[in-house]
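S.K.: could you look at this predicted model? Sequence included:
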Amino acid sequence: MKKIVALVLSLILLCSCSAQREDYYVFSFDDFSLVPGYDDVEFMRLVFQMDTPEKLSAGEKIENIDVIFWDRYFASVDIENSGKKEIDATIAKVTRLVYYIDNYTFSRYALDGIELSESVKENCEKFNGEYVERNGYACAFGKKVKDKENIVILYGDILGIDQDKLDHLEIYVK
């Protein structure tokens, strides 16, 4: 009886140790959401098109993969095999997302359920980020998920008249 109880408690402990999707920054737009650090290539391919190799060798990372949505460029992502053996690319984790707001206009953008405004400064205040005013405006904030840092950087439009207007965002896990 003690062995069964110990086994059940061990399983509960192991299950509770793995990071959940909600632990990472969840980027939502209309009816879709992406979570760098948690989502894999197979999940993204349910909606988006991306060209990846069939296999990734141990520790291999591929950067700046174009993501296509309805035959238009949507974003770019990095994928990584953090394991010690070769894997099918469909199970590789997405470790970075770069999304330009003007690439594909949606009616609503949110991060962890908090709707993003057009102002980098307002968004920075919402998330208690570090607001930077050098060669344009940006805001950086993050959190620790397990043993990794989950970072978000919001960038202003450096070529526009209103440089505080949210131009693009980057979410990554290191």
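M.R.: Thanks, I have the structure now.
S.K.: what about the strands in this structure?
M.R.: 27-29, 32-34, 49-50, 55-56, 61-69, 72-80, 87-88, 93-100, 109-111, 114-115, 130-133, 137-145, 148-156, 166-173 (DSSP state E).
S.K.: which parts of the fifth one are buried?
M.R.: Put plainly, it is strand 61-69. Of the residues in strand 61-69, 62, 65, 67 count as buried by neighbour count, 16 or more other Cβ atoms under 10 Å. The way it works is simple: take the backbone N, C-alpha and C, and place the C-beta from them, glycine included.
S.K.: between these, which sits nearest residue 34?
M.R.: Of all the buried residues of strand 61-69, residue 67 has the smallest distance to residue 34: 9.1 Å, by Cβ to Cβ.
S.K.: who touches the closest one in this structure?
M.R.: The neighbours of residue 67, taking Cβ atoms under 8 Å, 6 or more residues apart in numbering as the test, are 44, 48-50, 73-77.
S.K.: swap in residue 156?
M.R.: 120, 136-138, 163-167.
S.K.: and these, which are buried?
M.R.: 120, 136-138, 163-164, 166-167.
S.K.: which of those sit farthest apart?
M.R.: The farthest-apart pair in the buried ones among the contacts of residue 156, when distances are taken by Cβ to Cβ, is 136 and 166, at 11.6 Å.
S.K.: on that earlier part again, a markdown table for the buried residues of strand 61-69, including distance to residue 40?
M.R.: Below are these laid out as a markdown table (distance: Cβ to Cβ, whole Å):
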| residue | distance to residue 40 |
| --- | --- |
| 62 | 13 |
| 65 | 13 |
| 67 | 14 |
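S.K.: tell me the spacing between residue 81 and residue 25.
M.R.: Here residue 81 is placed at a distance of 22 Å from residue 25 (Cβ to Cβ, to the nearest Å).
S.K.: and what of residue 138?
M.R.: If you go by Cβ to Cβ, the gap between residue 138 and residue 25 works out to 16 Å.
S.K.: quick one: pLDDT of the residue lying closest to residue 29 once chain neighbours are set aside?
M.R.: Using Cβ to Cβ, 6 or more residues apart in numbering and skipping the chain neighbours, the partner closest in space to residue 29 is residue 106 (4.2 Å). Looking at residue 106, its pLDDT stands at 84.
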